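K.L.:
Mind folding the following:
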Amino acid sequence: MDNPIFNKKYLKNTYFYTVVIIILLLLVSLISSCEKIIGKNEINTVEKTEVEIEIKEGMTLKEVSKLLEEEGVVDSSFFFRLYAEQEGKDRSLIPGKYVLGTGLDYETVLDKITSGPVNITYNFTIPEGYTVNKIAQKITEEVPFIEYAELEDALDISNYSYDFLKNISTLEGFMFPKTYEVDTNYKASDIVEMMISQYRYEVGTLDYSFAEENDLLPYDILIIASMIEREAYVPDERELISAVIHNRLKIGMLLQIDATLTYALDKWDEGIDNLDKETDTPYNTYLYASLPPTPICNPGLACIKAALNPAEVDYLYYVVDDQEKHTHHFSNDYEEHEKVRNGTN
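P.N.:
Prediction:
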């Protein structure tokens, strides 16, 4: 016959051990969850990448957590939210743009978005001789947060009220070539304004007395400088090419500079032919004996200085005499010029 006392004791022990096992299982589960909550978890990704997120003014912790999960920065918006609340930082999120890696632990993510966005900077270099269009392309290639359409709008000259831009139709020539540094707070208009301001700074101390003596405006000098920039491959030839341009202007002679027509036809890579030289455009210096209506590129300071200080020579002609070195032969005699041009000298 069964012993009721023994049975009760057995049942009591069985119940006790069952409860212990259940508690242990719950503890294992809780520990696993806590590993996430205390920020020690990491997402197992094949390849970690960087993503840019923006915490906007007024966003709640719930909204930010959801955004972080959607972008793969954290694996669970719910557990990240619990962790932030546990750390007492649920109301300490700082608005701004952040670059965060996918698969970061909660602690690292929370530290970053409560410390404030790092001021990310980008450098871009504009070489001498670039047109406004090429500058726009280069900026949008090297500054990822600037959209081309935004930059195109910013390049409208009517956006700027500088005195030296009055009665001028384009910013061509005024986008000073240089290496610039910008951060994510910059708008396209800020970048354009910075480049215009750099131009004003660079030419601010130049002596324009030569221009005044020859009835030339500062804008005329900029146009001449842009032609020198496109024509002079060798630095030592800048003042000589400047002299040819000035000498021709004084006697009303056609400038016959290929680069002005190349600019109008946008044929920088192809070059121009005799048919192109018949194109009726004010940039065709084979047809019109005057300066083109605007600069044909954005020249550097050296070419602006050369436009203001032409060599004291009477040259009227120049032609390439060494294709590899890009040097020119200068003369004031047309027959000599033609002999060199035809390779019969």
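K.L.:
Got the confidence number for Tyr15?
P.N.:
pLDDT recorded at Tyr15 is 61.
K.L.:
what does Thr121 give?
P.N.:
The model's pLDDT for Thr121 equals 89.
K.L.:
Can you check my assumption that Glu54 lies in a helix?
P.N.:
No - assigned with DSSP: H, G, I helix; E, B strand; the rest coil, Glu54 falls outside any helix and is strand.
K.L.:
Could you count how many residues lie near it?
P.N.:
Glu54 has 12 neighbours, counted by other CB atoms under 10 Å. C-beta coordinates here come from the backbone N, C-alpha and C atoms, glycine included.
K.L.:
swap in Tyr148?
P.N.:
Residues lying near Tyr148 (other CB under 10 Å) number 13.
K.L.:
need the contact list for Leu308.
P.N.:
By CB atoms under 8 Å, 6 or more residues apart in numbering, the contact set of Leu308 is Leu206, Asp207, Tyr208, Phe210, Ala211, Ile221.
K.L.:
in the stretch 101-250 of the chain, which spans are strands?
P.N.:
Secondary structure of the stretch 101-250 of the chain (DSSP state E, counting those that start in this stretch): strands at 121-125, 179-183.
K.L.:
export those to CSV and tack on distance to Thr294?
P.N.:
Formatted as CSV, those follow (distance: least, CB to CB, whole Å):
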stretch, distance to Thr294
strand 121-125, 24
strand 179-183, 23
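K.L.:
Could you say which one of those comes nearest to Gly173?
P.N.:
Gly173 lies closest to strand 179-183 among the strands of the stretch 101-250 of the chain, at 17.3 Å (CB to CB).
K.L.:
one step back: so which of the strands of the stretch 101-250 of the chain is nearest Thr49?
P.N.:
Closest approach to Thr49 among the strands of the stretch 101-250 of the chain is made by strand 121-125 (18.8 Å; CB to CB).
K.L.:
Going by contacts, tell me the helices and strands next to the closest one.
P.N.:
Contact analysis of strand 121-125 by 3 or more CB pairs under 8 Å, 6 or more residues apart in numbering; DSSP states H and E lists helix 132-142, strand 179-183 as its packing neighbours.
K.L.:
May I have the phi/psi pair for Phe174?
P.N.:
Per-residue torsions, Phe174: phi -100, psi 0 (degrees, to the nearest 10).
K.L.:
Check Arg91 too.
P.N.:
Torsion angles, degrees, to the nearest 10, at Arg91: phi -110, psi 20.
K.L.:
Nearest residue to it in space, ignoring adjacent ones along the chain?
P.N.:
Spatial nearest neighbour of Arg91, excluding adjacent residues (CB to CB, 6 or more residues apart in numbering): Leu61 at 7.7 Å.
K.L.:
This completes my enquiry, with thanks.
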